[in-house]
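Trainee: quick check, what structure comes out for this input:
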Amino acid sequence: HFLACTWFFIGLQTQLSDTGASWIHGAAVIAQGEPSALLDASTPYQYSVCLNWAVGVIALASVDTMPTNIAERLLFASTTMIAFLFGSAVVSLLSARIIDF
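Mentor: Residues are numbered from 1 along each chain as shown. Prediction:
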């Protein structure tokens, strides 16, 4: 939840964008054949898009929402590295427990 909210917050911060772009601008919603901006969608839909990104990054899966400026890229890269280190630590601990068993 915290990561999803952070992703949305950084996407809204136009003053942090060195490129003038944000992932929010690229996340159009197709509703009834018409493209619509993500910010025009319902709050639950906006949250589900952010949560989908957060879970995908934590699980080291593919995500369809990509960063478009340095702040978003830093969050993406740091989250991916932390998730990778955490996942590696879990595998290491489980392997050690199995060997000790």
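Trainee: any idea how far Ala41 is from Phe9?
Mentor: 17 Å (C-beta to C-beta, to the nearest Å). C-betas here are computed from N, CA, C, even on glycine.
Trainee: of these two, which one has the most company?
Mentor: Higher neighbour count among Ala41 and Phe9: Ala41, with 16 against 12, using other C-beta atoms under 10 Å.
Trainee: burial count for the closest residue to the more buried one other than its chain neighbours?
Mentor: Spatial nearest neighbour of Ala41, excluding adjacent residues (C-beta to C-beta, 6 or more residues apart in numbering): Val29 at 5.0 Å. Val29: 16 surrounding residues under other C-beta under 10 Å.
Trainee: same thing with Asn69?
Mentor: By the criterion of other C-beta under 10 Å, Asn69 has 19 neighbours.
Trainee: tell me how far it lies from Trp7.
Mentor: 13 Å.
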